[in-house]
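**Student:** can you look at this prediction? I've put the sequence above it.
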Amino acid sequence: MILIIPEVKSIIITGNPTIIGKLEIDETVDLGDDFLLSGTACIGTKESSACDNFDFTVISPKALDRKLNTTNLINGRACFIVKDFDIKLLKERIDDIISNCLGETWEEIAQKLSPYFYWEYEN
């Protein structure tokens, strides 16, 4: 049995209108205590440069509370709730998740990642 070892090729964070002129956030920045960001982890295998996109949300407790007051229900899947935005901490957590998702097939790996991310080929 040969296991496929996934790895993060890149992480893309977008969605903060307060950072003018910058579409992606690639460093730790002070976003205050009220933010909702979109993220994509580009994940592939160590043997290939190809990758699939796995999407997630990064949200502060204040933004989560505001959303709950508006919608009264939030699906918690693929959501990282953080007090302060720290790209290094986020990358470490995603690397930790990926390291526990070995599999014999890529589909098996994607299934193991599904509690944490939305795979671009889902459904």
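**Tutor:** On my side now, so go ahead.
**Student:** in stretch 81-88, which residues are buried?
**Tutor:** 82, 85, 87 (16 or more other CB atoms under 10 Å). In short, each C-beta sits where N, CA and C put it, glycine included.
**Student:** what are the contacting residues of stretch 54-70?
**Tutor:** 13, 31-43, 74, 78-83, 85, 90, 110, 113, 116-120 (CB atoms under 8 Å, 6 or more residues apart in numbering).
**Student:** please check those and keep the buried ones.
**Tutor:** Buried members of these, counted by 16+ other CB under 10 Å: 13, 31, 35-37, 39-43, 78, 82, 85, 90, 110, 113, 116-119.
**Student:** center of the chain, which residue is that?
**Tutor:** Centroid-nearest residue in the chain: residue 56, 3.9 Å away (criterion: CA atoms, centre = their mean).
**Student:** and that residue, which of the three is it?
**Tutor:** Under DSSP: H, G, I helix; E, B strand; the rest coil, residue 56 falls in the strand class.
**Student:** and the longest helix for the chain?
**Tutor:** helix 87-99 (DSSP state H).
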